[in-house]
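A.B. asks: for reference, the sequence and a predicted model appear below.
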Amino acid sequence: MRFLPTLSFLVAMPALAGNPWNIDLPESRLAFEATQQGGQFEGEFEQFSADMQFSAEQLGDSHFNVRIDVTSIQTGSSQRDRELPKQDWFAMDEFTEARFETTEIREATDNVNYAYAAEGTLTIKGHSEPVVLPFDWQISDSGQARMQGELVIDRTTFGIGEGDWEDPSAVGHDVRVLVDVQLNPAD
């Protein structure tokens, strides 16, 4: 009988971890905004997946591990989309996936626009850099969650747009990444 309290504690332990979530891809968007010759354009990655554990009450147990299929990039320009797979840009023959893996999820006390901040490592084209993704997380009455956030990265830090394309007057260095993800509780 004295083992029952220990057993009940072990059974309850998974409840302490961040809640697992599945992305509803058709209802989600991973987009970006950039400039080319002074004009702004938008693009998006149509295929991405993630292992997401999140609970506002258990931020220390929450984490994201996001995988982005860079070959699914669309910018609305066939000319631009033909260039992006090449070595100077995403080198898709060698690097088909980008990743974002968190090291910490915390309250965003330094950002008044978002409630949380996901600190982690972003890897694109073999280049890994620390980044912070500020985001909001809202749970609907139906139990679904919506994550919205954004960050700005310097594309040249990741080797995106090398050679003649490094000139910021041709293509701006700053890229604004926009995350708008619908999630369902994992079973």
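C.D. replies: Received it, and whenever you're ready, just let me know what you need.
A.B. asks: show me where the protein has helices.
C.D. replies: Taking DSSP state H as the test, the helices found in the chain are 4-12, 78-83.
A.B. asks: and these, which one is worst for confidence?
C.D. replies: In terms of average pLDDT, helix 4-12 trails the rest of those, at a mean of 39.
A.B. asks: how many other residues sit next to the nearest residue to residue 144 once chain neighbours are set aside?
C.D. replies: Nearest-residue entry for residue 144: residue 184, 5.7 Å, with adjacent residues in sequence omitted and distances by CB to CB, 6 or more residues apart in numbering. All C-beta spots, glycine's among them, are computed from the backbone N, C-alpha and C. Residue 184 has 14 neighbouring residues, counting by other CB atoms under 10 Å.
A.B. asks: residue 184 contacts residue 24, correct?
C.D. replies: Yes. Assessed by CB atoms under 8 Å, residue 184 is found in contact with residue 24 at 5.7 Å.
A.B. asks: identify the contacts common to those two.
C.D. replies: When CB atoms under 8 Å, 6 or more residues apart in numbering defines a contact, the residues bordering residue 184 and residue 24 alike are residue 144.
A.B. asks: neighbours around residue 46, how many?
C.D. replies: Counted with other CB under 10 Å, residue 46 comes out at 12.
A.B. asks: can you tell me the closest non-neighbouring residue to it?
C.D. replies: residue 72 (4.2 Å).
A.B. asks: residues touching the one you found, list them.
C.D. replies: Going by CB under 8 Å, 6+ apart, the list of residues near residue 72 reads 45, 46, 47, 48.
A.B. asks: most neighbours among these, which one is it?
C.D. replies: Top of those by neighbour count (other CB under 10 Å): residue 48, with 22 neighbours.
A.B. asks: ok, now which ones touch the nearest residue to it once chain neighbours are set aside?
C.D. replies: Nearest residue to residue 48 in three dimensions, chain neighbours excluded: residue 68, at 4.5 Å (CB to CB, 6+ apart). Contact analysis of residue 68 by CB under 8 Å, 6+ apart lists 30, 45, 47, 48, 97, 98, 99, 100.
A.B. asks: quick one, strands of the protein?
C.D. replies: Secondary structure of the chain, counting by DSSP state E: strands at 19-23, 29-36, 39-45, 48-54, 63-69, 73-74, 97-107, 116-124, 127-139, 145-154, 174-185.
A.B. asks: take the ones you listed and lay them out in TSV including mean pLDDT and distance to residue 164.
C.D. replies: Below are the strands of the chain laid out as TSV (pLDDT from 0 to 100; distance: least, CB to CB, whole Å):
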stretch	mean pLDDT	distance to residue 164
strand 19-23	95	37
strand 29-36	96	13
strand 39-45	96	18
strand 48-54	96	29
strand 63-69	98	26
strand 73-74	98	20
strand 97-107	98	23
strand 116-124	98	20
strand 127-139	97	19
strand 145-154	98	18
strand 174-185	97	18
